[in-house]
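Colleague: here is the input, now give the coordinates:
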Amino acid sequence: MKRAGLIFVVLAIQMVLFVSIWSWLVELAAESGREQRGGVAFGITVYYGVFILGFVCLVASVVSVMVRKQITRWLVIVGCLISWGLWIYPALSSYPIRGTVFLTLGALILIAGSGILLPFLVRVLIGRDRNER
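Modeller: Here you go, the predicted structure:
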């Protein structure tokens, strides 16, 4: 049960950080005079991208908590990064700067949360319970 709680906490942190940083970046761009060209397709990419990133982070987090081998964890995270990139890829031709920032921000949040923070928390907080399996 502790593992599920850690997954939920890290996933919540990842999603709050992603949405907050993205909103801040969009606001910063608007304040600096960078006119945002209207684009329904990119808006859909952003809207559903948050849900897809949440799912990708959930998969990566569950694997990070359940699997002991680091190579397996990182292979799953790389696979999740590829699936995240495949979602954003079509938007890169029309919106190269915004698309790249969106892709990079999601990748950093995924790697930092599911790849680094969560395994660290499991080691520190649940490391003593390894014999429970």
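Colleague: the longest helix along the chain: how far from the chain's middle?
Modeller: As assigned by DSSP state H, the longest helix anywhere in the chain is helix 2-31. Relative to the centre of its chain, helix 2-31 is centred 8 Å away, using C-alpha atoms, centre = their mean, to the nearest Å.
Colleague: quick one: pLDDT of Gly132?
Modeller: You called it Gly, but residue 132 is Glu. At Glu132, the model reports a pLDDT of 45.
Colleague: element containing the spatially most central residue of the chain, please.
Modeller: For the chain, the residue lying nearest the average C-alpha position, counting by C-alpha atoms, centre = their mean, turns out to be Leu110 (3.3 Å). Using DSSP states H and E, Leu110 sits in helix 96-110.
Colleague: other SSEs contacting the helix or strand following that helix?
Modeller: Following helix 96-110 in sequence order, the next helix or strand is helix 118-126 (DSSP H and E). Packing partners of helix 118-126 (3 or more C-beta pairs under 8 Å, 6 or more residues apart in numbering; DSSP states H and E): helix 2-31, helix 40-66. No exception for glycine: its C-beta is placed from N, CA and C like everyone else's.
Colleague: helix 118-126 and the longest one, what's the angle between them?
Modeller: So the one you mean is helix 2-31. 140 degrees (axes from the mean of the first three to the mean of the last three C-alpha atoms, to 10 degrees).
Colleague: which helices and strands does helix 2-31 pack with?
Modeller: Partner elements for helix 2-31 (3+ C-beta pairs under 8 Å, 6+ apart): helix 40-66, helix 96-110, helix 118-126.
Colleague: re earlier: now the longest helix of the chain: buried residues?
Modeller: For helix 2-31, the neighbour count (16 or more other C-beta atoms under 10 Å) marks Arg3, Leu6, Ile7, Val10, Leu11, Ile13, Gln14, Met15, Phe18, Trp22, Val26 as buried.
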